[in-house]
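> Structural data only, the sequence is not supplied:
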């Protein structure tokens, strides 16, 4: 059994980690830490877990674990690791933005299994990708890896409200968001850097140009990204390229029908659908922002780091409707 | 022209007052006060009003008005009136809970035109009813006035999120509320007292017993109330009673088809639909909580207090879909 | 392994059966029949199942199964069983209304495990309860079983759109239903009969009087029922009664916090919360209409009929947000 | 008074025409025709209009009108005009696609007042623009008219469900669409041709290249379009250009804050917001698809055709929340 601890278990992503790990056949949950909820039953915060656990949020970080999931929000992970003297040998999976960008003193592996599976398998520290980043990188990986991402890529992508976390703001207020849609951070979303870094690393040198228009949708879960770029491949060639690329990746499917977000909600899957029109190749990519875009991918990374099959514990019932 | 001022114009109800009064043919808006937004253009807060007004929120209360709408939240109205030395002759329409319950030192008239139109016409101070109270009282007024409300009345009613105001809370968070439904304050909602008071006053003496189960719905605007009680009248008699009662009231309609909330959203109307089954008379009542349940009813009261036709300025385009 | 067949697998309930049975450790899915979709891959209809099955909808009913789930719509089950010569020994779990009401020539056991677990364990034919019926019966079972349901019970309950199935109608049209709420079939919903029958059977003789006001909500999954009746028990006694009653039933939880529907969406759980006010005992009951209200309960019944633990294959990841 | 008739008054757009024209101070509604609803009260279909009209849908087209609005669906307008012998002098405003594209035998003026106001003023036949077309053309008109639309324009736009009309389909089913998002007709939406035609006509010759990715959103009303293209203008210059262009157009506002769709729902306004990032100029454009995108724009055209102020009868109360 893998003894796992969650640091920051009271948020949406922490909750999804819990929901997945509680049913994972090879995981024993050692503790779930939360500064704000310490001492309370998990089910006080995650009320849907009534009957499935009697654990309480812990105030302290137990040293005796095999893996730590850090789900504390951006900035807090780096601070935590600096201040905390962890036993050597504990593997770390960080769900914040803190370690996604490569720098000389950053020894985290970027945790997108569809790009860096081998490195993840031997890593002791993994930086879990951002949700938008996951959807967009998956859409472009085969092109980038094949050296075929040479023109600008145009991305419009829309996310559910859970991506914004539990914090209150005008744009997470029901009266504002219900039946509404809006843009935010066009051309400068914080995930752009990791997207460009990943595509450059799997590709042939130069950073691609990505025009990214993110939207807030009137739904709680899921991301749909529409990505297009000029490409010489015809549709058949493109499909072959994508199918070949993802053959060894059990959660990504190149599908024949135009997908919608609800097909992947509450699962760790990504669906990709290709369309060719004139000289433009369009890739539609859908994921659940909290699962393949966060907690599920973190568990997928854990499976790889511990030599398990990639999809153990990740056969989740879709919510579908 | 009636010179009107709004005290507390930055909230949802204040916004609806603005939207109605800006188009009211006999009203000149003298000022819109807001402590939190003073100095800013109204359109900074109510962005849908771009192009319709260049007014700014004022810091002060101009003394030279004919009517003041108080839309400051519960408790604040009473405090405001105590501290403020208003010119005599200024009429007051208060949208808070502060003056709805009759006490010896409360000289406000309860502003439900369908119950107390004559008093409102000559009133200088009106306490505008609560939103749930409006929907439920309209459903029971004809029975109560006819001395026919002798058994318990059972009420389940569901409200849109705008009824909770702009404040942030778990239950107004989009991720929580979208696709959700829940009860709150069953049997002890704060509107129960004014409902019982109104029904007693139009009736024959004793306070009726009202069992009231309020729900929070996954929508932003509107209230639906389902109200039933034992009644001897058959359906035809009940319809005649209701139609006769509301004959002189231009915003209440006894309708033949089972209504839904969206039929009245963005209007000042109330629809009532009657069903008789065994010995139970069921009344379905739908209103827009922000209009007939708040700002629209306040303007209806203003019209009456100034001798105008009750529905001037209240021919609002329904949003319908 | 239990060989299971689904007759009518293309609808919402059929889809949920699939999602659950595909991951059930003791079930082998022999066939999934659909008249309208015969020959097509299951994933053409249930697109969220991509990657989880390559089965196609069958045109024929394979004889060699241990259990048949009938999920064909009301009326069709009875017709199917009359016309079809099934091998003896095949157990039947019917999800339609056809066999829920006891008559002299109806040998189906009513499949509410919380009321009739022993009969279900030895049954060869089970009639799965209706969704509203499940939520409401669970709320009243302990009272009825204790002979304490002596006064009228008042029920308002609201359902998600999936309860209406895939058929198109005005009230399932997004433009109509989004942000809307309405009543339907007040006092005469088709589930009333089975509710009264169940409560009478577990109780002491007379049929209870149930006033039932059903509503259509602006959400896709879940049912919330608010049920109240006059009761002599104080709150503590009522809680003890309920906790004792459900002690042996792993899916029903008497909870201390006021529940909302999303706490149980995508699970087989039912949450009950009790409130006492004056002489009224209020029970709030929430379930997922497609799972505890249909497919999940059917699998729970199957588990019982085959001597398995009641909750095998039913540890489903909640969708939570 | 202008005597107006509506042909095809039972749909969403017909309903919006009714809601606007019933309150228009210079319009007398002569008849509202509907083949499917002939003889029934308007309020049987448009139940929100209870109390505002007692008209019934007519079976016949009265000859004695000044203007006819055709709101019958695509294809039906052309057929109707061919078969019907209208009195000369009756002005026609067609809301279908049938006459939007210029051909040698098409004498309809394209009814986008912000592009062709002078022609509309003297037109006897106007083809009302499509909803997506309106949002996108408004976003690009100043660039195109200034000869500055020289690079490809990239458009992602999302629409509410009412754009799809009352017909039933999988993608208008509440259980499917609620909380969902999807693409449709990427790069080949039927409005592309009229968009390119308009931009070419106001510009300097060549047809622009428009990459258009349309999406279906989880809301009922409104369109948001995000449009970007390479442009030499800096932000200040671009704003000046846009402000100057729309100075004479009372419904279009160049706004300083990033807009959301609900700011214009239930109004005839369009809000445009500009952002410059690197060499890309981004224009966010929001309208109500049924009003500025259909019925409101039709009335705006009528006002111009009859010499009225452009905004008479179009001071509509926003629904805002």
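Ah, there it is. Note that this is a predicted model, so its numbers are computed, not measured.

> What sits closest to residue A:262 if chain neighbours are left out?
Nearest residue to residue A:262, sequence neighbours excluded (C-beta to C-beta, 6 or more residues apart in numbering or on different chains): residue D:180, at 4.7 Å. (Each C-beta comes from the backbone N, C-alpha and C, glycine too.)

> which SS state does that neighbour fall under?
coil (DSSP: H, G, I helix; E, B strand; the rest coil).

> That one touches residue A:219, doesn't it?
Yes. If you go by C-beta atoms under 8 Å, residue D:180 and residue A:219 touch, sitting 6.7 Å apart.

> Now do the shared contacts for the two.
A:261, D:218 (C-beta atoms under 8 Å, 6 or more residues apart in numbering or on different chains).

> circling back to that earlier point, ok, the residue nearest to residue A:262 - contacts?
A:219, A:222, A:260-262, D:216, D:218.

> cutoff 7 Å now
A:219, A:260-262, D:218 (C-beta atoms under 7 Å, 6 or more residues apart in numbering or on different chains).

> which stretches of chain A form strands?
Per DSSP state E, chain A carries strands over the ranges A:2-7, A:27-33, A:57-58, A:67-70, A:91-94, A:109-110, A:125-127, A:153-159, A:182-183, A:210-216, A:223-230, A:252-254, A:270-277, A:280-287.

> and of these, who's closest to chain C?
Of all these, strand A:252-254 sits nearest to chain C, with 5.1 Å by C-beta to the nearest C-beta.

> and that closest one, average pLDDT?
For strand A:252-254, the mean per-residue pLDDT is 98.

> And residue A:61, how far from residue A:143?
Computed as C-beta to C-beta, to the nearest Å, the residue A:61 to residue A:143 distance reads 42 Å.

> which of these two has more neighbours?
Of the pair residue A:61 and residue A:143, residue A:143 is the one with more neighbours under other C-beta atoms under 10 Å in any protein chain shown, namely 27 against 16.

> contacting residues for the residue lying closest to residue A:173 once chain neighbours are set aside?
Distance criterion C-beta to C-beta, 6+ apart; nearest residue to residue A:173, sequence neighbours excluded, is residue B:172 at 5.9 Å. Each residue near residue B:172 by C-beta under 7 Å, 6+ apart is listed here: A:173-175, B:161, B:164.

> need those in JSON lines with distance to residue A:273 and pLDDT, can you?
Below are the contacts of residue B:172 laid out as JSON lines (distance: C-beta to C-beta, whole Å; pLDDT from 0 to 100):
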{"residue": "A:173", "distance to residue A:273": "33", "pLDDT": "97"}
{"residue": "A:174", "distance to residue A:273": "31", "pLDDT": "98"}
{"residue": "A:175", "distance to residue A:273": "34", "pLDDT": "98"}
{"residue": "B:161", "distance to residue A:273": "35", "pLDDT": "98"}
{"residue": "B:164", "distance to residue A:273": "40", "pLDDT": "93"}
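
> so how many other residues sit close to residue A:83?
Residues near residue A:83, counting by other C-beta under 10 Å: 7.

> I should have written residue A:296 there, sorry.
29.

> which outside residues touch stretch A:249-259?
Contacts of stretch A:249-259 (C-beta under 7 Å, 6+ apart): A:113-114, A:138, A:239, A:242-243, A:246, A:268-274, A:284, A:286, A:292, A:300, A:310-311, C:47, C:50-51, D:182-183.

> and with 8 Å instead?
A:113-114, A:117, A:138, A:239, A:242-243, A:246, A:268-274, A:284, A:286, A:292, A:300, A:310-311, A:314, C:44, C:47, C:50-51, D:182-184.

> now swap in stretch A:94-110 and tell me
Against stretch A:94-110 from outside (C-beta under 8 Å, 6+ apart): A:13, A:69-78, A:92, A:116, A:119-120, A:123, A:125-130, A:133, A:190, A:193-194, A:197-198, A:294-295, A:298.

> Spell out for me the ChimeraX command that would select the buried members of those.
Entered in ChimeraX, the line below selects the buried ones among these, by 16 or more other C-beta atoms under 10 Å in any protein chain shown:
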select /A:13,69,70,71,72,73,76,77,78,92,116,120,123,125,126,127,128,129,130,133,193,194,197,198,294,295,298
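
> so of the contacts of stretch A:94-110, which ones are in helices?
With helices taken from DSSP state H, the overlap with these comprises A:13, A:76-78, A:116, A:119-120, A:133, A:193-194, A:197-198, A:295, A:298.

> how about those residues in CSV, adding pLDDT and distance to residue A:230?
Shown next, in CSV, are those (pLDDT from 0 to 100; distance: C-beta to C-beta, whole Å):
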residue, pLDDT, distance to residue A:230
A:13, 97, 36
A:76, 95, 41
A:77, 96, 38
A:78, 95, 39
A:116, 98, 27
A:119, 98, 31
A:120, 98, 32
A:133, 98, 22
A:193, 97, 23
A:194, 97, 23
A:197, 97, 22
A:198, 97, 20
A:295, 98, 35
A:298, 98, 35
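
> Out of these, which is nearest to chain D?
So of the ones in helices among the contacts of stretch A:94-110, ranked by how close each gets to chain D (C-beta to the nearest C-beta), first place is residue A:193, at 14.9 Å.

> In contact with that closest one, which residues?
residue A:101.

> go on, residue A:89?
Contacts for residue A:89 (C-beta under 8 Å, 6+ apart) come out as A:66, A:124.

> okay, it: pLDDT?
pLDDT, residue A:89: 95.

> got it, and residue A:74?
The model's pLDDT for residue A:74 equals 88.

> now swap in the one 5 residues further on and tell me
We note a pLDDT of 95 for residue A:79 in this prediction.

> ok, now residue A:106?
pLDDT, read off for residue A:106, is 94.

> Next one: it relative to residue B:8, how far apart?
For residue A:106 relative to residue B:8 (C-beta to C-beta), the value is 52 Å.
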